[in-house]
Structures are given as C-alpha cells and as structure tokens.
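# I'd like to go over a predicted model; first the sequence, then the structure.
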Amino acid sequence: MRILIVGGVAGGASTAARARRLSEDAEIIIFERGEYVSFANCGLPYYAGGVIKKRQSLLIQTPEKLKERFNIDVRVKNLVESIDREKKEIKVKDLVNGEEYFEKYDFLILSPGAEPIVPPFEGADLDCVHVVRTIPDIDKVKEKLDKGMVKKAVVIGAGFIGLEMAENFRELGIETHLVEKMDQVMPPFDKDMAVILHREIGANDIRLHLNEEVLRINKKGDRCLVSARSGRDIEADLVIMAIGVRPEIDLAKAAGIETGRKGIITDKTMRTSDHSILAIGDVVDSLDPVTGDYRNVPLAGPAAKQALVAVNNIFGIEDEYDGTLGTSIVKVFSLTGAMTGSSEKTLKAAGKPFLKVYTYPADHVGYYPGATQMAMKVIFDPDSGVVLGAQVVGKNGVARRMDILATAVKQKMTAKDLAELELCYAPPYGSSKDAVNLAGMTALNHLRGITKLTHWEELTGDEFLLDVRTRKEYEKDNLPNSKNIPVDELRKRLDEVPKDKTITVFCYVGIRAHIACRVLNQKGYNALNVSGGYLSFMNHRDAYDTDAVLAQQVALSEGSFCTGPTGEPKSSEG
C-alpha cells in the first residue's frame with residue numbers, strides 16, 4: 001500500500017506515525033513545502049517573547065528522526081502542485097533544484113493546513129510587516145527583537161496569535177498596540193466574557209483599539225505608519241498580521257474535490273468526495289455537534305484526532321470523527337480564558353433556544369490562602385438541561401473546569417449531571433461543591449422552578465429592583481431606582497416590597513439573591529434572580545452599553561488603570 005501525505009506539522013506527522021504503527025509494509029511519504037516537517041507552531045509567540053528559550057525546543061520531529069524510528073520518507077521543500085484523480089497520481093516540485101516529478105498513491109491524505117490572512121491593502125508587503133505561522137516567520141521577528149530594533153509594535157488582530165504576540169511584546173517592555181476590527185478580542189467568546197480580558201489587557205498597558213480597521217501601512221523613516229479608518233496613525237518598528245487563517249484548499253479545488261464554506265468537506269471517516277483521498281486538520285470543515293452546522297476550526301487537537309480516524313479507516317478499522325466543539329484556551333497575562341461548544345451568539349445566529357447561567361466561584365475554598373475568582377458562563381438547553389457550551393475566565397483553575405465542561409458537552413450531559421459530578425476536593429484545589437457543580441445546581445434550580453433566573457438585558461424597567469447586598473456595598477456603588485434591603489434584614493422588612501410587581505433580585509454574584517428569592521417566593525411574591533448579580537451587570541454594561549464601551553476604549557487606548565474580573569482593583573483577590 002502506498003500512502004502519500006501532503007503537509008506535516010500536527011496533522012501530517014501524526015498521520016504518518018499512526019500509519020506506520022498499523023503497517024510495517026506500507027510505503028509512507030510526507031511532502032512538506034517548508035523546511036520543517038513537525039514543529040510546535042502554537043509555541044512560536046512564546047519563543048519570540050523568550051519564555052521558550054531554545055529554538056530547538058520547537059522542533060518536535062525531524063526528517064531524520066521520522067526515518068530512523070518510523071521508516072517514513074519525509075521530503076521537505078517539496079511542493080505538491082496538482083492531483084490527477086484518475087491516474088491516482090500527484091505532481092511534485094522540488095523547491096531546491098526546481099525539478100518536477102510524479103508519484104502514484106493508493107491513498108492520499110491532505111493536511112496542508114491554513115495560511116495567514118493578509119489583506120490586500122497598501123503596505124502589507126513591507127519589510128516591517130510579519131506573519132506568525134512557521135519557524136522562518138518567527139526567526140525574522142526574533143532577530144529584530146534580539147537586536148533591540150523594536151521599541152514599538154502593532155499587532156493587527158486580537159485572536160489567539162494576536163493576543164499571545166501582544167502579551168509577549170509587552171513582557172519584553174515594548175510599547176504595544178493591539179488593533180481589532182471587531183468590537184471585542186477573541187471573537188469566538190461572547191462579548192460579556194471577552195470584556196474581562198479587555199480590562200486585563202488595558203491594565204497591562206497594551207493600547208487596545210477596538211472597532212478599528214487598518215487601511216494601509218506606509219514607511220515613515222525607519223518605521224512603519226499604520227493608518228486606520230478612524231484617522232488614527234500609529235508608528236511601529238514591527239507590525240504583526242494576526243487577522244486569522246484561511247484553509248489551503250486550492251489543491252483540492254483544482255482536483256474537483258468538494259469544498260464547503262471555508263474548507264474541504266469530509267464524511268465522518270475523514271474521506272473526501274473522492275474516497276481514495278482523505279483530509280484532516282485546518283483544511284477541513286468539521287461538524288459542530290451542538291448546532292449541526294459545518295465550520296472551520298483550526299486547532300491542533302482536532303487535527304491529531306482526525307489523523308487517527310483517517311488512518312484507522314484506511315487500514316480497515318472502522319472509526320468515525322464526531323465533530324469539533326472548538327474547545328480552546330488562551331493566556332492573557334494573569335488571566336486565562338477558555339471556551340467549549342456553542343456561545344450565546346452562535347446559538348442566536350442558529351435560531352436555537354438556550355438557558356444561560358453566570359456564576360463567579362473561587363477556584364478553591366476562600367479560607368485557604370490564594371483563592372481567586374473565576375467568571376463562568378454555562379449554556380444549557382432550556383428543555384432538556386443538556387450542556388451546550390461554556391466560557392470561563394479567571395486566574396487559576398480555569399483549564400480544569402473547562403476540561404470538565406468540554407467533556408459534558410461532548411457526552412451531552414445535563415445540568416443535573418453537572419450538579420452530581422463527584423470531583424476532587426481538598427482546600428488547596430477546590431470546594432466540596434465545585435465550581436462546575438454550582439453551575440449545574442444554579443441551572444437546575446431554574447429548570448425545576450425553585451428559583452427562576454433573569455438577565456439584565458431582559459429587564460423592562462417595570463420591575464421592582466431589589467439589591468440585597470449590605471449597606472456598605474450599596475453605598476459604594478448602586479443602580480438607580482434600586483431598593484436596598486440586605487438579605488439578613490429581608491424577613492423583617494417585607495412590607496417594603498410590593499406584591500403587585502415582579503421583584504428582580506440581585507446581590508454581588510447571585511448567591512444571596514437566591515436566598516432572598518426563596519424567602520420572597522414562599523411569601524407569595526413573584527421574585528426572579530438576576531443571574532450573576534452586580535458582576536454580570538458590570539460586564540454587560542461594559543460590553544453592550546454604547547457610552548460605557550466608548551469610555552472604556554478611550555481608557556484602554558490611553559493605557560489607564562482598569563479593574564479586574566471581580567470589579568475590584570487587580571491587586572485584590574476578589
């Protein structure tokens with residue numbers, strides 16, 4: 001059997017190694033147009049920033065090692081130019097000597113990945129403008145950094161690579177501007193969660209320019225001048241294009257292989273419309289198990305899993321890839337942001353109903369030193385209680401909770417399942433009711449009608465707004481037209497609460513409001529708990545209130561002090 005693989009890195013190299021483990025007799029050849037067949041592209045920003053010290057650490061496998069251990073023929077600097085499906089043959093160009101040649105296949109696996117998007121505006125090809133995809137890309141950036149040539153940098157695009165490059169520049173003491181065309185960083189997140197990252201970015205003196213589109217880049221002496229639609233001009237020694245990536249589907253399209261909205265369409269066995277040709281990784285449009293739509297999700301984890309499925313099916317092991325949830329995580333200075341499954345905006349766009357729950361638990365019990373607060377948004381099916389997606393932002397414990405929630409979405413677990421999960425507990429690590437348990441319990445209380453939830457954007461203004469925080473909290477910051485009755489005084493002051501109105505109750509995060517709602521509902525009132533309380537109000541205000549957003553952008557652009565995810569100064573543990 002002859003297996004040809006187009007592309008290396010996570011998908012191609014994993015495919016080749018799996019194929020050899022299943023067959024000692026198969027002939028396996030990898031064609032990689034670049035110089036490196038398997039490298040840690042997710043680590044490139046951290047090598048630029050000096051967190052990863054040695055360049056060699058980025059090289060996961062070399063052609064020599066793959067030959068020695070797996071007997072795989074790796075041909076770097078070899079570009080696959082075309083596919084002849086009838087002849088089951090590819091045309092290859094050796095980029096070193098310019099020679100072209102042909103290779104036959106029994107099975108062809110496409111893993112060419114995705115290329116950085118570079119808009120066709122003036123100046124995109126200047127020598128100060130860089131992308132971050134390969135080791136040669138980062139070598140050029142690192143050379144300038146090591147020579148002390150970069151005092152000011154502009155990063156265009158605030159997704160994973162953009163945020164990571166901006167953070168690493170700032171940690172090196174470089175004045176950094178982060179420019180994003182949308183009104184938030186991390187577009188897959190809902191904005192009311194992304195806004196927590198906005199504060200952290202501003203608090204670390206990165207100038208964040210949201211709703212800002214770059215029109216052109218010109219030379220200005222030794223520097224570049226980045227010009228935006230707003231009229232703002234930003235000088236920079238270095239510009240990073242991190243707008244996003246585009247699946248490299250030209251080879252497949254030219255061969256008549258079916259493609260979708262962005263990438264190649266495959267079935268669950270990873271076969272394309274030509275069953276002798278399979279596709280994996282960033283080049284593929286994957287099924288979204290929650291919405292049932294197909295989307296392109298360029299992540300290393302799914303690529304490696306798709307490689308396993310593809311090779312299994314080639315060798316007669318029946319296997320299926322059930323889709324990509326988009327589980328992902330990003331570091332933003334002291335914070336971590338993570339998500340899985342569908343966001344609120346994704347479900348709204350798909351026309352699917354949902355129940356959302358905001359909670360703000362500590363990563364471990366408060367009496368053990370070092371506890372920090374997380375912001376959690378978990379989304380459920382409003383009828384079945386099945387978990388549809390989640391987003392978590394915090395300093396500690398985020399990855400652990402997100403892995404649990406990703407498993408819950410994958411296995412179609414319910415709010416009841418989350419509430420009943422038996423999870424590790426000791427004071428340094430969690431609580432007897434873990435953060436994940438609490439999210440499930442909160443949703444379950446709503447689904448069972450014990451305490452109904454509402455959200456700030458759902459209020460009409462006709463409700464009686466009851467703030468059950470302490471007087472000290474209320475005097476420090478409060479909402480107009482709200483009535484303050486501390487929860488511990490509520491039973492004695494029920495005559496101050498009208499029975500002819502809906503009572504919307506809130507505290508700081510929602511726990512005391514739940515207690516107040518139970519008192520009120522059992523006394524004949526119609527009380528609703530505003531999910532996430534005052535913290536959710538601040539996040540929603542900063543995310544969606546036009547005046548607040550404009551004020552925030554000015555503050556971030558000027559690098560002014562911002563608050564942390566709890567609304568308290570960053571020095572506080574919340």
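Yep, it's here.

# Flag the shaky bits of the stretch 1-150 of the chain, pLDDT-wise.
Of all residues in the stretch 1-150 of the chain, none has pLDDT under 70.

# how deep is Arg295 tucked in, by neighbour count?
17 (other C-beta atoms under 10 Å). All C-beta atoms are positioned from the backbone trio N, CA, C, and that covers glycine.

# ok, it - contacts?
Contact analysis of Arg295 by C-beta atoms under 8 Å, 6 or more residues apart in numbering lists Arg261, Lys262, Asp285, Ser286, Asp288, Thr324, Gly326.

# hmm, which two among those residues are most spread apart?
Arg261 and Gly326 (15.1 Å; C-beta to C-beta).

# Can you pick out the residue with more neighbours from those two?
Taking other C-beta under 10 Å, Arg261 and Gly326 do not tie; Gly326 has more neighbours (24 against 11).

# Pretty sure the more buried one sits against Ala338.
No - judged on C-beta atoms under 8 Å, Gly326 makes no contact with Ala338 at a distance of 10.8 Å.

# Run a quick neighbour tally on the nearest residue to Thr15 once chain neighbours are set aside.
Nearest residue to Thr15 in three dimensions, chain neighbours excluded: Ala307, at 4.2 Å (C-beta to C-beta, 6 or more residues apart in numbering). By other C-beta under 10 Å, the residues close to Ala307 number 28.

# and Ala307, which of the three is it?
What DSSP: H, G, I helix; E, B strand; the rest coil gives for Ala307 is helix.

# confidence score at it?
Turning to Ala307, the model gives it a pLDDT of 96.

# hang on, isn't it packed against Ala19?
No - when contacts are counted by C-beta under 8 Å, Ala307 is not listed as touching Ala19 (9.1 Å).

# ok, residues contacting the helix or strand hosting Glu81?
Using DSSP states H and E, Glu81 falls within strand 78-84. If you take C-beta under 8 Å, 6+ apart as the criterion, strand 78-84 is touched by 6, 31-33, 89-95, 100, 108, 251-252, 254-255, 257, 277.

# Quickly list what Lys220 is bridged to.
When assigned by DSSP bridges, Lys220 has beta-bridge partners Arg223.

# That one against Ile234, yeah?
No - judged on C-beta under 8 Å, Lys220 makes no contact with Ile234 at a distance of 10.5 Å.

# so how many other residues sit close to Arg223?
17.

# contacting residues for it?
Applying C-beta under 8 Å, 6+ apart to Arg223 gives the contacts Cys128, Lys152, Glu235, Ala236, Asp237.

# what secondary structure does the closest residue in space to the fourth one that isn't next to it in sequence sit in?
The one in question is Ala236. The shortest distance from Ala236 to any non-neighbouring residue, by C-beta to C-beta, 6+ apart, is to Val154 (4.2 Å). Following three-state DSSP, the label given to Val154 is strand.

# show me what contacts Val154?
Thr176, His177, Leu178, Val179, Cys224, Val226, Ile234, Ala236, Leu238, Val239, Ile240.

# Quick check: bridge partners of it?
Counting by DSSP bridges, Val154 forms beta bridges with His177, Val239.

# can you tell me which residues contact Leu335?
Ile196, Leu197, Glu200, Val393, Gly394, Lys395, Pro565.

# which pair in those residues spans the largest distance?
Farthest apart among the contacts of Leu335 by C-beta to C-beta are Leu197 and Lys395. That separation is 12.3 Å.

# So between those two, which is more surrounded?
The residue with more neighbours, out of Leu197 and Lys395, is Leu197; 24 against 21, by other C-beta under 10 Å.

# and that one, that's in a strand?
No - Leu197 is assigned helix when assessed by three-state DSSP, not a strand.

# right, and it touches Pro187 too?
No - counting by C-beta under 8 Å, Leu197 stays clear of Pro187, with 11.8 Å between them.

# Backbone dihedrals for the closest residue to Gln61 other than its chain neighbours, both of them.
Nearest residue to Gln61, sequence neighbours excluded (C-beta to C-beta, 6+ apart): Ser38, at 3.8 Å. Dihedral pair for Ser38: phi -150, psi 110, per degrees, to the nearest 10.

# Please flag which of the contacts of strand 78-84 sit within strands.
Val6, Phe31, Glu32, Glu89, Ile90, Lys91, Val92, Lys93, Asp94, Glu100, Leu108, Ile277 (DSSP state E).

# In the stretch 301-450 of the chain, mark out all the helices, start to finish.
Applying DSSP state H, counting those that start in this stretch to the stretch 301-450 of the chain gives helices spanning 344-350, 398-410, 415-420, 435-447.

# now these in JSON lines, with distance to Lys356, mean neighbour count and mean pLDDT?
Shown next, in JSON lines, are these (distance: least, C-beta to C-beta, whole Å; neighbours: other C-beta atoms under 10 Å; pLDDT from 0 to 100):
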{"stretch": "helix 344-350", "distance to Lys356": "6", "mean neighbour count": "16", "mean pLDDT": "96"}
{"stretch": "helix 398-410", "distance to Lys356": "13", "mean neighbour count": "21", "mean pLDDT": "98"}
{"stretch": "helix 415-420", "distance to Lys356": "12", "mean neighbour count": "19", "mean pLDDT": "98"}
{"stretch": "helix 435-447", "distance to Lys356": "9", "mean neighbour count": "24", "mean pLDDT": "98"}
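
# what's the burial count for Asp222?
The burial count for Asp222: 8, using other C-beta under 10 Å.

# give me every residue that touches it.
The neighbours of Asp222, taking C-beta under 8 Å, 6+ apart as the test, are Asp237.

# Pull the strand or helix carrying Phe102 out as PDB, backbone CA atoms only.
Using DSSP H and E, Phe102 maps to strand 100-104. Presented in PDB, the C-alpha positions along strand 100-104 are these (Å, rounded to 0.1, in the frame of the first residue of the first chain):
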ATOM      1  CA  GLU A 100       9.200  18.300 -11.200                       C
ATOM      2  CA  TYR A 101       8.200  14.600 -10.700                       C
ATOM      3  CA  PHE A 102       5.100  12.400 -10.200                       C
ATOM      4  CA  GLU A 103       4.200   9.900  -7.500                       C
ATOM      5  CA  LYS A 104       1.400   7.300  -7.500                       C
END
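
# Compute the inter-axis angle for that strand and strand 78-84.
Interaxial angle of strand 100-104 relative to strand 78-84 (axes from the mean of the first three to the mean of the last three C-alpha atoms, to 10 degrees): 60 degrees.

# Counting by contacts, list what strand 100-104 packs against.
Here strand 100-104 touches strand 89-94, going by 3 or more C-beta pairs under 8 Å, 6 or more residues apart in numbering; DSSP states H and E.
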